[in-house]
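**Q** This is a predicted model, with the sequence first.
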Amino acid sequence: MKLILTKNDAQELGLIWWDNQAWEIENYLIRRFGPDSKVKGDLNLAHSKISHLPPDLSVTGDLHLSHCDNLKSLPSGLMIAGDLHLLGCPSLASIPKDLQVGGSLMLNDCLSLKSLPSGLCVGKNLNLHGCESLIALPSNLQVGGWLSMKGCIRIESIPTDLKVGEYINLGYCKALKTLPPNLKVNGDLILDRCTALKSLPEGLVVKDWLSLQGCVSLEKLPEKLKVGGNLVLKNCKSLVTMPNEIDIGGYILK
């Protein structure tokens, strides 16, 4: 049986939303709901000292857990119909394999996060900006909106089965060496200051802008490269020649 928390529980909601004492928040959730519980609406635990949540927790709105310094993991069976905010959780090291997020998953600056589960599906956007310990993306990752990995300095490659609905930002991924062949990007592809990147893959198609600003090791572009918008090549010091056949919808900016 699932219990439902509504905003009418004003006094008890005060413990969850505004009280920064971890034991009160955790005891409240476990005592009142226990496992397999449903929260109707948004649940805001941001900036609290909470360290864990009940298993099989379901939230019909957004779940806010940003800047929870003691949070090391998320429970199994966690279902979020809206957005899941985990910005600046320095102790968060992993994500459960059965996590379901209908909206956006915001993991900016989760400095201990090393991996994501295979088959992760995010309904809208996935933000991994500044996840400096993240080594690789998982197989079969599906993102309905945009993907930002700006500043993921340990990422060396992108999986071939990655599916992203909108733009991809890989700026400042200083270890990035390769992209998968026949990559199709349904928006901008940002690769600014990917200083280890020497070439782009064959069959690359970018719907809007392709930005390679500051890719100082880039030596060549693929033949039949297709870019719907502008191609930005500023400070690409090692790029000497252009391909014979290239399709650019906008301008080449050098």
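**A** Here it is on my side, so go on.

**Q** Only C-alpha atoms from now on, for both contacts and neighbour counts.
**A** Fine.

**Q** Give the buried residues for stretch 236-254.
**A** Residues of stretch 236-254 classed as buried: 236, 239, 248 (neighbour count, 16 or more other C-alpha atoms under 10 Å).

**Q** Also stretch 113-133?
**A** 113-117, 120-133.

**Q** Centre of the chain to that stretch, how far?
**A** Distance, stretch centre to chain centre, for stretch 113-133: 4 Å (C-alpha atoms, centre = their mean, to the nearest Å).

**Q** and if you look at stretch 207-214?
**A** Relative to the chain's own centre, stretch 207-214 is displaced by 20 Å; criterion: C-alpha atoms, centre = their mean.

**Q** still on that earlier bit, could you dump the buried residues of stretch 236-254 into CSV and include pLDDT, secondary structure and distance to residue 46?
**A** Shown next, in CSV, are the buried residues of stretch 236-254 (pLDDT from 0 to 100; DSSP: H, G, I helix; E, B strand; the rest coil; distance: C-alpha to C-alpha, whole Å):
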residue, pLDDT, secondary structure, distance to residue 46
236, 97, coil, 42
239, 96, coil, 46
248, 97, strand, 45
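
**Q** Go ahead and confirm residue 165 touches residue 126.
**A** No. Using C-alpha atoms under 8 Å as the test, residue 165 is too far from residue 126 to be in contact (10.8 Å).

**Q** who touches both of those two?
**A** Contact with both residue 165 and residue 126 is made by residues 143, 145, 146, according to C-alpha atoms under 8 Å, 6 or more residues apart in numbering.

**Q** quick one: which of these is most hemmed in?
**A** Across the shared contacts of residue 165 and residue 126, the neighbour count under other C-alpha atoms under 10 Å reaches its highest value at residue 143, namely 22 neighbours.

**Q** so what's that one bridging to?
**A** residue 122, residue 164 (DSSP bridges).

**Q** what's the answer for the one 4 residues further on, then?
**A** Here residue 147 sits in beta bridges with residue 126, residue 168, as judged by DSSP bridges.

**Q** residue contacts, it?
**A** Residue 147 touches 125, 126, 127, 128, 164, 166, 167, 168, 169, counting by C-alpha under 8 Å, 6+ apart.

**Q** hang on, residue 119 in a helix?
**A** No. According to DSSP: H, G, I helix; E, B strand; the rest coil, residue 119 belongs to no helix; its state is coil.

**Q** That one and residue 143 touch, don't they?
**A** No. Counting by C-alpha under 8 Å, residue 119 stays clear of residue 143, with 10.4 Å between them.

**Q** From the shared contacts of residue 165 and residue 126, pick the one nearest residue 87.
**A** Nearest to residue 87 among the shared contacts of residue 165 and residue 126 is residue 146, at 16.8 Å by C-alpha to C-alpha.

**Q** so that closest one touches residue 126, yeah?
**A** Yes. If you go by C-alpha under 8 Å, residue 146 and residue 126 touch, sitting 6.4 Å apart.
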